[in-house]
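Engineer: need a structure here:
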Amino acid sequence: MKKTLTAVLVMLASSSAFAQAPTTELSVTTVRGGAFVQVTQDGEPISGYDVSTSINALGSKSTDENGFVYFSLSPQQTQRIDFFVIDEDGHKIKKTRTIERS
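Structural biologist: Numbering: from 1, shown residues only. Model prediction:
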C-alpha cells in the first residue's frame, strides 16, 4: 500500500496539472525623458506583448523582437508612471518608476 501511494504521488507530481506556469516579468529602465520596458517569460524576451501605462496619452505599445518598447514622456516635468502588462492568466504585472524631465 505504501509503495502504491508513493507511485501515485510521483505520477501526480510529474503530471502537467502540477507543471509550473511560465513566469512573465516586466523590467523598466529609465532615462531622462523616457523609459525602456522589457517583457520576458522565463527569462526569454517576448515580442508582440502589449505594454500600457497609467498615462492614457501614451497609449499602449507592443514589444519588439527583443521584448523591448520605449515610451517618451513630457520633457517639462518629472512624472511617476505605472507600466503594466497582463499575463496569459489575466494577472496584471506592474512596475512604477519616476521619469526625470529631460
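
Engineer: which stretches of the chain have low pLDDT?
Structural biologist: Along the chain, segments meeting pLDDT under 70 span 1-19, 75, 102.

Engineer: Which parts of it are helices?
Structural biologist: Using DSSP state H, the helices of the chain run over 2-14.

Engineer: Break down it into its strands, ranges please.
Structural biologist: 24-31, 34-41, 44-45, 50-53, 61-62, 68-72, 79-86, 92-99 (DSSP state E).

Engineer: Once you drop chain neighbours, what's closest to Asp50?
Structural biologist: Ser60 (5.1 Å; C-beta to C-beta, 6 or more residues apart in numbering). (Each C-beta comes from the backbone N, C-alpha and C, glycine too.)

Engineer: My guess is the one you found contacts Tyr49. True?
Structural biologist: No: using C-beta atoms under 8 Å, Ser60 makes no contact with Tyr49, being 10.3 Å away.

Engineer: When these two are compared, which one has more neighbours?
Structural biologist: The residue with more neighbours, out of Ser60 and Tyr49 and counting by other C-beta atoms under 10 Å, is Tyr49; that gives 22 against 12.

Engineer: is it possible to export the strands of the chain to CSV including mean neighbour count?
Structural biologist: Shown next, in CSV, are those (neighbours: other C-beta atoms under 10 Å):
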stretch, mean neighbour count
strand 24-31, 16
strand 34-41, 19
strand 44-45, 12
strand 50-53, 19
strand 61-62, 14
strand 68-72, 16
strand 79-86, 17
strand 92-99, 14
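
Engineer: Quick check: the gap between the nearest residue to Glu65 once chain neighbours are set aside and Phe36.
Structural biologist: Leaving aside its chain neighbours, Glu65 sits nearest to Ser47 (4.7 Å; criterion: C-beta to C-beta, 6+ apart). Applying C-beta to C-beta, to the nearest Å, the value for Ser47 to Phe36 is 15 Å.
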